[in-house]
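Chemist: Have a look at this prediction, sequence included:
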Amino acid sequence: MSREPLLIFIGHVSVDRVRNRWGEKVQPGGAALYAALAAKTIYDHVKLVSTVGSDFKYLSLIRSKLPGSLIKVVNKPTTRFTINYTETFKARYLEVELGAGAFIRVSDLPPPWVREGNFIHLAPMRPPKVEGFIDRIKAQSPKTWVSMHSSPDYIESPRYRKLLKRLAGKVNLFVVNDHEALTLTGAGSLLHAIQALKAERLAVTLGQIGAILVEKDRLQLIPALAGLVQTPKDTTGAGDVWCGALLAAYLKTGDWTRAVLAACTLSAIKCTGWGFQPLLNLKFKNLDDLTLHVLRLKEGRSQKTLQDFLGSLP
């Protein structure tokens, strides 16, 4: 009997101090954690590879939600971010303390997890470290799926921009937002930026508009679900949630269009509350279940299954 593919996320787990128009919160975060928790709402076989400090207070929560994950504890402070948001939710990173995140190693990825059929996603880390993971994975198992996304922190340096553009051509899926695509390429328009990013498969997120998916020179605009979140509570990790949901939905359906729609939807749901709290108690048997959850949100009702919904119809 064949095993279900693993969906593995590698990257930072952090403690975030978030300030926005609604107040201030100190909460667990990190791109890899947001992505993994989002994926877990759709797909069962999700693992996380990361490093935290001995001061991290949320380890039992992660292990309960993502059993079998490899979270290394080191004698350094946990990675910390202080993020201020403007009234329009534009982020400013006031403090970045990498701490334990610097101790994520290529060797932390278990060799048995690197095999054809598994999906490995690299959340934002220093581009040379990301390249080390890609090279190690592809050397061991060339057909293992590898995807990645970056962050604005790593595109300020011309050296990193050059490296990230090269990495786009080494992975199976490269994800950026529209601002990152323009900055990476120096292009004057998003269309020219998309043409300049040479990737097997490219996803460009457009916030509330949706996303552009480019595959084999075919460009497809997939609109997001408009109006789900009129006023966000907290947008921290929304792009990471998008990536995790995208990969989980694709593993579930094999359909990129449905996967993008699911990613946009789950990312919007995440923004209805602080941190990843809106995701913690969600579990969808299929993407129809996710759609029904959105309808229930609009009606202010609790989660129920598609059968429950159909059974209530006259």
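Modeler: Structure's in. What do you need?
Chemist: Low-confidence bits of the stretch 51-200 of the chain, can you list those?
Modeler: Judged by pLDDT under 70, the stretch 51-200 of the chain has no weakly predicted residues.
Chemist: can you list contacts of the helix or strand harbouring residue 159?
Modeler: Per DSSP states H and E, residue 159 falls inside helix 158-168. For helix 158-168, contacts defined as CB atoms under 8 Å, 6 or more residues apart in numbering pick out 126-128, 130-131, 134, 148, 150, 154-155, 174, 183-185, 196-199, 202. C-beta: built from backbone N, CA, C; applies to glycine.
Chemist: and if you look at stretch 180-195?
Modeler: Here stretch 180-195 has contacts from 150-152, 155, 161, 164-165, 176, 178, 196-197, 202, 204, 212, 214, 219, using CB under 8 Å, 6+ apart.
Chemist: in the helix holding residue 159, what counts as buried?
Modeler: For helix 158-168, burial by neighbour count (16 or more other CB atoms under 10 Å) applies to 160, 161, 163, 164, 165, 167, 168.
Chemist: Which of the residues you listed sits closest to residue 68?
Modeler: residue 167 (27.8 Å; CB to CB).
Chemist: how close does the closest one sit to residue 132?
Modeler: 11 Å (CB to CB, to the nearest Å).
Chemist: Over to residue 240?
Modeler: On the measure of CB to CB, residue 240 and residue 132 end up 21 Å apart.
Chemist: Make TSV from the buried residues of helix 158-168 and add distance to residue 32 to it.
Modeler: Formatted as TSV, the buried residues of helix 158-168 follow (distance: CB to CB, whole Å):
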residue	distance to residue 32
160	19
161	22
163	20
164	18
165	22
167	17
168	19
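Chemist: thinking again about what came up before, residue 240 and residue 132: who's more crowded?
Modeler: More crowded of residue 240 and residue 132, by other CB atoms under 10 Å: residue 240, with 31 against 15.
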